[in-house]
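Provide a 3D model corresponding to the input given below.
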Amino acid sequence: MSHRPAAPTRRIAALGLATTLALTLPGPLASAAVPHPAQERPTASVDPLIGSANGGNTYPGATRPYGMIAWSPTSTTGDQTSTGAANGYSYDTTRIRGLSLTHVNGAGCNPGAAGDIPIMPFVGDVTSSPSADTKDAVYASDFSHDNERAVPGRYTLGLDSGAEADLAVSRRAGVADFAFPSGKAASLLFRTSNSLNGSEDAHIDIDRAHRKVTGWVLTGAFCGRRANGGTNNRKSYYKLYFSASFDRDFDSYGTWKDATVSPGSTSGGGGEGYATGADRAGRGSGGWVGFDTAPDNDVHMRLGISYVSLKGAETNLREEIAPRVSVDAVAAEARRDWDRELDSVRISGGSESQRTAFYTALYHSLMQPNIISDTDGRYPGMDGAPHRLAHGQSAQYSNFSGWDQYRAQIQLLALLKPKVAGDFAQSLYNFAGQNDGVWDRWVHVNGATHVMTGDPSAATLATFYAMGVRGFDYEGAFESLARQATEPRDAGLSDAGCPGQCEGQRPNLAQYLSSHYAAQDVCHCWGGAAETLEDSVADAALGSWAKLLGRDEEAAYFTDRGTWWRNVFNPGTGYVQARELDGSWVMPFSPGSDLGFAQGTSATYTWMVPQDVQGLADAMGGRETAATRLDGFFHKADGSWSVRGGDALRYDPTNEPGIHAPWLYNALGQPWKTQATVREIVNTVYGTGPSGLPGNDDLGTMSAWYVFSALGLYPKAPGSADLLLGAPLFPHAVVDRPGRADLVIDAPATDATHAYVAGVRLNGRDQDRSWTDADLLRTGGTLAYRLTDRPDTGWATDPAGLPR
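Presented below is the predicted three-dimensional model:
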């Protein structure tokens, strides 16, 4: 390795980093058509920094599609028990205390999830315990975005301290080049206990003879800091192991625990607990290895991780990262890997900013689910024991943000990656079998966190099956989910974790089955009205799935339960409203109140009946009345748009309960309003740059909404393969369907003004409906759009042809 006294910024500039990071502010995306070079790789249009501000909670670090490892910064605002934003990174926070090995894309619950084993390139002597540096004043460093570069599979950062890090990854392992200023003390700090939420225990071993550092952290506690029951989640549910190998000897080494630093020690450990601030400050453990920078200021490291064992981490490293492979080589393979995934949708035309927004959204959508099985097929079960993959299963996946994902990300996964979707479905079924038959609504690694509300697993697997996903035990999974929906459990009567992470997956099911709604005063849930709507969606999806399986009696039963949303629709107010056990409406009531709801208001949740839009319209007084009310949901009294959030009575693009609402006009016989509303949101709410997402990406959900909307498609309802039609953003798109014919979307006239549909031809035949059924996904085909610059109020308005 060469001796390079040059400052880090020179290296980054030489890589062309500074010139590639001209990040724009969010706003309308330019729509002038620009030729899309056929040879351009999709990754050239990906900016991992999109969503890293404005509460998007994305991370810019190196990861592969569905990767176990996600190597990205843990930022700090001066509190070692917290971070700049959920999941570790905020574009507006330019100080870090390490580069941690695991992340979750776009989750809320600050400080997020994971962020395990931060590794910090430190310039200087380690003279005190890094855990005692509670304000991150010493063992942290500022940086400038001019010295940062993020591309799919690779992350490079130059710190103001003079240290640099260049990272690239495989699925379960990574490789790094660290560079330090010549002639200065240089160390790598392994903050083994400093996961984002803290830790119960951690351990490190330093093997000087073999140039290795190994260890583990026992952690979990997702959403453990929530004020709405989060203390119930302050518990451990997974252990992450790591094994790091170096290309050179250690010049110094040591460990620390709490305030005690032990130079020359080769083994140590201790956790931090799951509190925050002063209740946790100063606790923790880790170790460091130092290097002599006089002869050589570069350090090359290879690292593997595993959720099963240290042996698993070392096997993953050995099988995925060759002994002398370079960062460049691993990064090149990572880019090819991402290009293969992103090439599942090939677009032509559009502006540069539109292509960047689109392919970055697709990138974020395909980050998850995440592999948690080792290369030998072993993975940690929800029972805490190691397990092996089921017959025919390629990988065990996790990180299921069900309440979010079942609305859009799940459908995109099923559409583009049915093999991954099948393995994911089997993974969730495996977990349920290890969890006494309970399907948890928010699974992190192998932990049941109970976060949010409803029973999204039912909606998810029903959607997978409807969209043609196989490769999982769908009969067994259906029977298991049907039992969860029909057999009350003791946990359903518990308030542990309530309201934000109630342990009951079908809370107070006996009362629900008796009353046909979740009573606010006895539901043991986040909100009775929201729970009723969520369970109605899940049950309708189970009914559709049962019908496809030929289980007619169960189909009729669950389909009827899918209409129970009517029992919380108050005809006196015209809104969905919580009820007490005695049948009375919870008072006082305001459409802008969240009483009885979860992260939303009655004004938003009233529209959350995608499985029965015609029934909702009837309850409101008919389609015309419903459409007029929907107009008021997206517009202020003066007619101007209100789609950016912040108004409790109107559309909120930052959270999931209402994200389907722009597409409801199709079922109300006014599809031109869907076209106008979706285009307005695409142009003004989404964009490029760090603030280019409206809010938490929620494991790809908001990004998946954008991908669908840009293609002019959207899932009609969970448990269905029907797709609603809108106006495509790009003149040409090809959706690759593995094992089936492609789906081609042509809209040659699309531009900033031509955003309305005047006609559609499906495989050469006129399509006078604003939706397609499952045949399109089974057989593929071509959707050819005729677009105009003004609303066409005649196309797809026949009541007989409306989406049901």
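
could you find the closest non-adjacent residue to the spatially most central residue of the chain?
In the chain, the centroid-proximal residue (Cα atoms, centre = their mean) is L699; its distance is 0.5 Å. Leaving aside its sequence neighbours, L699 sits nearest to S401 (Cβ to Cβ, 6 or more residues apart in numbering; 4.2 Å). Glycine gets a C-beta too; all of them are placed from N, C-alpha and C.

what is the burial count for that neighbour?
Using other Cβ atoms under 10 Å, S401 has 31 other residues around it.

how about A44?
A44 has 15 nearby residues by other Cβ under 10 Å.

repeat for G392
So G392, with other Cβ under 10 Å, has 11 neighbours.

can you confirm it is in a strand?
No - if the criterion is DSSP: H, G, I helix; E, B strand; the rest coil, then G392 is coil and not within a strand.

so A758 sits in a strand?
Yes - A758 forms part of a strand when assessed by three-state DSSP.

might one say that it is in contact with W795?
Yes - counting by Cβ atoms under 8 Å, A758 touches W795, with 6.0 Å between them.

and the two? Which one has more around it.
W795 (23 against 17).

can you tell me the helix or strand for the more buried one?
Using DSSP states H and E, W795 sits within no helix or strand.

tell me who's in contact with the closest residue to G56 other than its chain neighbours.
Counting by Cβ to Cβ, 6+ apart, the nearest residue to G56 once its immediate chain neighbours are dropped is L693, at 3.8 Å. Listed by Cβ atoms under 8 Å, 6 or more residues apart in numbering, the contact partners of L693 are I50, G51, N54, G56, T58, G106, Y686, M702, S703.

is Y379 in a helix, a strand, or coil?
For Y379, the assignment made with three-state DSSP gives strand.

what's the neighbour count on it?
For Y379, the neighbour count with other Cβ under 10 Å is 27.

what sits against it?
If you count contacts by Cβ under 8 Å, 6+ apart, Y379 has them with Y307, V308, I372, S373, P386, H387, R388, L389, Q396, N446.

which pLDDT value goes with the fourth one?
Right, S373. On the pLDDT scale, S373 is placed at 98.

could you check how far it is from A477?
Taking Cβ to Cβ, to the nearest Å as the measure, S373 falls 19 Å from A477.

show me the shaky parts of the chain.
The chain contains residues with pLDDT under 70 at 1-39.

and the top helix by length along the chain, how far from the chain's centre?
Ranked by number of residues, the top helix in the chain under DSSP state H is helix 528-548. Chain-centre distance of helix 528-548: 23 Å, with Cα atoms, centre = their mean, to the nearest Å.

now do stretch 290-304
34 Å.

can you dump the C-alpha coordinates of that stretch into CSV?
Taking C-alpha atoms only, stretch 290-304 is exported to CSV below (Å, rounded to 0.1, in the frame of the first residue of the first chain):
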residue,chain,number,x,y,z
GLY,A,290,-4.3,1.2,16.7
PHE,A,291,-2.0,1.4,13.7
ASP,A,292,1.4,3.0,13.0
THR,A,293,0.8,5.5,10.2
ALA,A,294,4.5,6.4,9.7
PRO,A,295,5.2,3.7,7.1
ASP,A,296,1.7,3.4,5.8
ASN,A,297,-1.5,5.3,6.6
ASP,A,298,-4.0,2.9,4.9
VAL,A,299,-5.8,0.1,6.8
HIS,A,300,-7.8,-2.6,4.9
MET,A,301,-10.5,-4.5,6.8
ARG,A,302,-12.8,-7.4,5.8
LEU,A,303,-15.8,-8.0,8.0
GLY,A,304,-18.7,-10.5,8.2
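
that stretch: which residues count as buried?
Under the neighbour-count criterion of 16 or more other Cβ atoms under 10 Å, stretch 290-304 has G290, F291, T293, D296, N297, D298, V299, H300, M301, R302, L303, G304 buried.

I'd like to know how far the fifth one sits from G158.
Looking back up the chat, that one is N297. N297 is 13 Å from G158, by Cβ to Cβ.

again, but for the third one
Between T293 and G158 the distance is 16 Å, computed by Cβ to Cβ.

cool, the first one as well?
With the distance defined as Cβ to Cβ, G290 ends up 20 Å from G158.

repeat for the last one
According to Cβ to Cβ, G304 stands 26 Å off from G158.

returning to what we had before: put together a markdown table for the contacts of L693, with secondary structure and neighbour count on each row.
Putting these into a markdown table (DSSP: H, G, I helix; E, B strand; the rest coil; neighbours: other Cβ atoms under 10 Å) gives the following:
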| residue | secondary structure | neighbour count |
| --- | --- | --- |
| I50 | coil | 31 |
| G51 | coil | 31 |
| N54 | coil | 22 |
| G56 | coil | 30 |
| T58 | coil | 33 |
| G106 | coil | 29 |
| Y686 | coil | 28 |
| M702 | helix | 31 |
| S703 | helix | 33 |
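
which one of those is nearest T43?
Set against T43, the nearest of the contacts of L693 by Cβ to Cβ is I50 (13.7 Å).

mind listing what that closest one touches?
Counted by Cβ under 8 Å, 6+ apart, I50 has contacts G56, T58, T356, A357, T360, H364, T688, G689, P690, G692, L693.

which residues does L428 contact?
Listed by Cβ under 8 Å, 6+ apart, the contact partners of L428 are F400, W439, V443, S457, T460, L461, A477.

what's the most distant pair in those?
For the contacts of L428, the farthest-apart pair by Cβ to Cβ is V443 and A477; their separation is 14.7 Å.

more neighbours: those two, which one.
The residue with more neighbours, out of V443 and A477, is V443; 29 against 25, by other Cβ under 10 Å.

ok, how many other residues are close to the nearest residue in space to T753 that is not next to it in sequence?
In space, and not counting its chain neighbours, T753 is closest to D789: 4.5 Å by Cβ to Cβ, 6+ apart. Neighbours of D789 under the rule other Cβ under 10 Å: 12.

next one: the one 10 residues further on
Close neighbours of P799, defined as other Cβ under 10 Å, add up to 8.

and it, how far from E624?
Remark: distance between P799 and E624 (Cβ to Cβ) = 11 Å.

where along the stretch 1-150 of the chain do the helices fall?
Here the stretch 1-150 of the chain has its helices, by DSSP state H, counting those that start in this stretch, at 8-14.

try the stretch 551-700 of the chain
Secondary structure of the stretch 551-700 of the chain, counting by DSSP H, counting those that start in this stretch: helices at 552-561, 602-605, 613-620, 623-634, 671-684.

so which of those is the most surrounded?
Greatest average neighbour count among the helices of the stretch 551-700 of the chain goes to helix 602-605 (a mean of 26), per mean count of other Cβ atoms under 10 Å.

now do that one: distance to the chain's middle.
Distance, stretch centre to chain centre, for helix 602-605: 24 Å (Cα atoms, centre = their mean).

so what touches that helix?
529-530, 533, 575-577, 589-594, 596-597, 633, 648-652, 657-658, 661.

among the residues you listed, name the buried ones.
Neighbour counting by 16+ other Cβ under 10 Å classes 529-530, 533, 575-577, 589, 591, 593-594, 596-597, 633, 648, 650-652, 657-658, 661 among the contacts of helix 602-605 as buried.

strands - which of those residues land there?
In strands, defined here by DSSP state E, the members of those are Y575, V576.

cool, thanks, signing off.
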